[in-house]
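Engineer: give me a model of this one.
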Amino acid sequence: MKYFDYKGDKVSRLGFGCMRFKTLDDDNGKIDKEYSSEIIKEAIDKGLTYIDTAYPYHNQMSEKFIGEFIEENDLRDKVTIATKMPVWLVNSYEDYEKIFKEQLANLRTDYFDFYLIHSLDKKKFDQAVENGLFDFIKVIKEKGLVKNIGFSFHDEYPVFEEIIKSYPWDFCQIQLNYLDINLQAGMKGYTLAKEMGIPLVIMEPVKGGRLANPPREVKDLMRGSDLSPAQMALKFVLDLDNVMTVLSGMNDIDQVRENLAIASQVEPASLSDEDRDFYRKARAIYKSREQIACTACEYCLPCTVDINIPKVFALWNNAHLYDEKEKSQKAYKEYLKDGVSPEECIECGKCEGICPQSLEIIEDLKKANEYLR
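Structural biologist: Numbers count the residues shown, from 1 in each chain. Model prediction:
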């Protein structure tokens with residue numbers, strides 16, 4: 001296993017994400033504890049140290065399972081625990097204290113090695129600050145209840161820049177993979193964090209597993225390679241020298257072994273010209289499958305009749321990008337239960353007038369609706 005030297009501690013460059021454990025009876029709250037314990041134990045035995053969970057994962061059972069697992073196997077001194085404050089559940093400063101105390105109990109620990117303000121976007125960040133976020137951080141840091149404070153992020157780059165410059169964060173977590181270099185914080189966010197001396201944790205390196213099963217044209221690019229598509233995706237982010245750890249939501253022993261193998265091989269700044277050529281060509285292939293160049297910037301929102309335009313376009317694109325027509329159609333059906341159908345569009349043109357990409361939104365909404373129904 002390769003490690004990142006962080007304040008004198010060695011952090012494994014592969015982290016175990018605890019959001020996608022195998023479950024029983026199709027119940028997300030019923031973790032298959034026996035099997036999940038087996039695969040986490042194998043990862044730790046092979047040198048993995050970073051365990052990432054969060055308050056809401058598995059219907060609030062992930063933290064409890066991890067706490068139980070670490071205590072029963074006497075692993076507290078062998079792993080670093082990362083969990084997250086769900087700020088959308090915080091309506092007052094007292095809520096911070098209540099939830100944090102519950103998390104310490106869930107994970108059966110006196111402190112957290114890494115603690116994140118969870119899933120920040122502009123709205124959540126502003127609300128968290130209003131509810132006393134920075135006072136809360138000061139207290140838990142001064143009391144030694146957390147060693148390192150950070151945030152996880154899901155919004156556009158300007159918001160990332162605002163948040164990362166708002167406080168002397170110890171680390172932060174962003175979504176990044178070879179396909180999403182311009183999505184959310186993206187590579188621009190990576191560069192800013194590096195310039196500021198703030199190491200990164202990477203989530204979605206395989207894009208929720210989608211890059212593990214790429215289109216045939218992408219697989220053809222890999223002929224002759226000893227790496228699997230998932231390993232090739234992990235290699236892209238493991239190559240980045242300011243990446244502390246890369247999270248993988250492993251729920252299968254083969255995934256654990258596959259990911260441990262690549263995390264034990266890749267040194268930062270080691271990509272070959274052939275590797276870079278693969279990522280460039282693979283992005284072009286995915287781009288060619290895209291139906292509409294929507295970046296989900298949400299400038300088009302609110303729609304006059306409340307159609308969730310970026311949502312509709314994302315489902316349309318995903319159906320083609322990842323061969324997920326049936327999955328996208330199912331998700332679209334769920335959206336239509338409470339969301340407004342593109343058929344309700346009054347063609348006012350407001351969205352097209354403000355779209356930075358100059359998209360033909362009105363006509364493309366019709367095409368998306370026809371395809372997804």
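Engineer: next SSE downstream of the helix or strand hosting residue 119?
Structural biologist: Residue 119 belongs to strand 112-120 when assigned by DSSP states H and E. Of the helices and strands lying after strand 112-120 in sequence (DSSP H and E), the nearest is helix 122-130.
Engineer: report the secondary structure state of the closest residue to residue 328 other than its chain neighbours.
Structural biologist: Spatially, and ignoring its direct neighbours in sequence, residue 328 is nearest to residue 319 (3.8 Å; C-beta to C-beta, 6 or more residues apart in numbering). All C-beta atoms are positioned from the backbone trio N, CA, C, and that covers glycine. Counting by DSSP: H, G, I helix; E, B strand; the rest coil, the backbone at residue 319 sits in helix.
Engineer: and what of residue 230?
Structural biologist: When classified by three-state DSSP, residue 230 comes out as helix.
Engineer: pLDDT wise, what is the residue lying closest to residue 60 once chain neighbours are set aside at?
Structural biologist: Excluding its sequence neighbours, the residue lying closest to residue 60 (C-beta to C-beta, 6+ apart) is residue 29, at 7.5 Å. The model reports residue 29 with a pLDDT of 95.
Engineer: residues in contact with residue 29?
Structural biologist: Residues counted as contacts of residue 29 (C-beta atoms under 8 Å, 6 or more residues apart in numbering) are 23, 58, 59, 60, 61.
Engineer: now intersect these with the helices, please.
Structural biologist: Among the contacts of residue 29, the members falling in helices are 58, 59, 60 (criterion: DSSP state H).
Engineer: if any of the residues you listed are buried, put those into a PyMOL selection.
Structural biologist: Those of the ones in helices among the contacts of residue 29 that count as buried under 16 or more other C-beta atoms under 10 Å are selected in PyMOL with:
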select buried, resi 58
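Engineer: rebuild the ones in helices among the contacts of residue 29 as TSV, extending it with pLDDT and distance to residue 267.
Structural biologist: Below are the ones in helices among the contacts of residue 29 laid out as TSV (pLDDT from 0 to 100; distance: C-beta to C-beta, whole Å):
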residue	pLDDT	distance to residue 267
58	96	34
59	95	39
60	96	38
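Engineer: between the ones in helices among the contacts of residue 29, which is nearest residue 74?
Structural biologist: Out of the ones in helices among the contacts of residue 29, the one with the shortest distance to residue 74 is residue 58. That distance is 23.4 Å, counting by C-beta to C-beta.
Engineer: how near is that closest one to residue 73?
Structural biologist: Distance of residue 58 to residue 73, computed by C-beta to C-beta, to the nearest Å: 19 Å.
Engineer: check residue 151 too.
Structural biologist: 30 Å.
Engineer: who has more neighbours, these two?
Structural biologist: Counted by other C-beta atoms under 10 Å, residue 151 and residue 73 do not tie: residue 151 has more neighbours, with 27 against 14.
Engineer: tell me if I am right that the more buried one is in a strand.
Structural biologist: Yes: when classified by three-state DSSP, residue 151 is found to be part of a strand.
Engineer: once you drop chain neighbours, what's closest to residue 128?
Structural biologist: Using C-beta to C-beta, 6+ apart and skipping the chain neighbours, the partner closest in space to residue 128 is residue 87 (4.2 Å).
Engineer: and for that neighbour, the neighbour number?
Structural biologist: Here the number of neighbours of residue 87 (other C-beta under 10 Å) works out to 22.
Engineer: tell me the contacts of it?
Structural biologist: Counting by C-beta under 8 Å, 6+ apart, residue 87 has contacts 117, 118, 119, 120, 124, 125, 127, 128, 131, 133.
Engineer: so the first one bridges to which residues?
Structural biologist: Spelled out, that is residue 117. Bridge pairing for residue 117 (DSSP bridges) gives the partners residue 85, residue 151.
Engineer: give me the contact list for the strand or helix carrying residue 332.
Structural biologist: Under the criterion of DSSP H and E, residue 332 resides in helix 325-338. Where contact means C-beta under 8 Å, 6+ apart, the residues beyond helix 325-338 that reach it are 308, 311, 312, 315, 316, 318, 319, 372, 373.
Engineer: in that helix, which residues are buried?
Structural biologist: Within helix 325-338, the residues that count as buried by 16+ other C-beta under 10 Å are 328, 331, 332, 335, 336.
Engineer: how about those in a markdown table, adding pLDDT and distance to residue 177?
Structural biologist: What follows is those, written out as a markdown table (pLDDT from 0 to 100; distance: C-beta to C-beta, whole Å):
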| residue | pLDDT | distance to residue 177 |
| --- | --- | --- |
| 328 | 97 | 20 |
| 331 | 97 | 21 |
| 332 | 97 | 24 |
| 335 | 96 | 25 |
| 336 | 97 | 30 |
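Engineer: and which of the residues you listed is nearest to residue 6?
Structural biologist: If you rank these by distance to residue 6 using C-beta to C-beta, residue 331 comes first, at 38.2 Å.
Engineer: next, find the distance separating the closest one from residue 316.
Structural biologist: Using C-beta to C-beta, one obtains 11 Å as the distance from residue 331 to residue 316.
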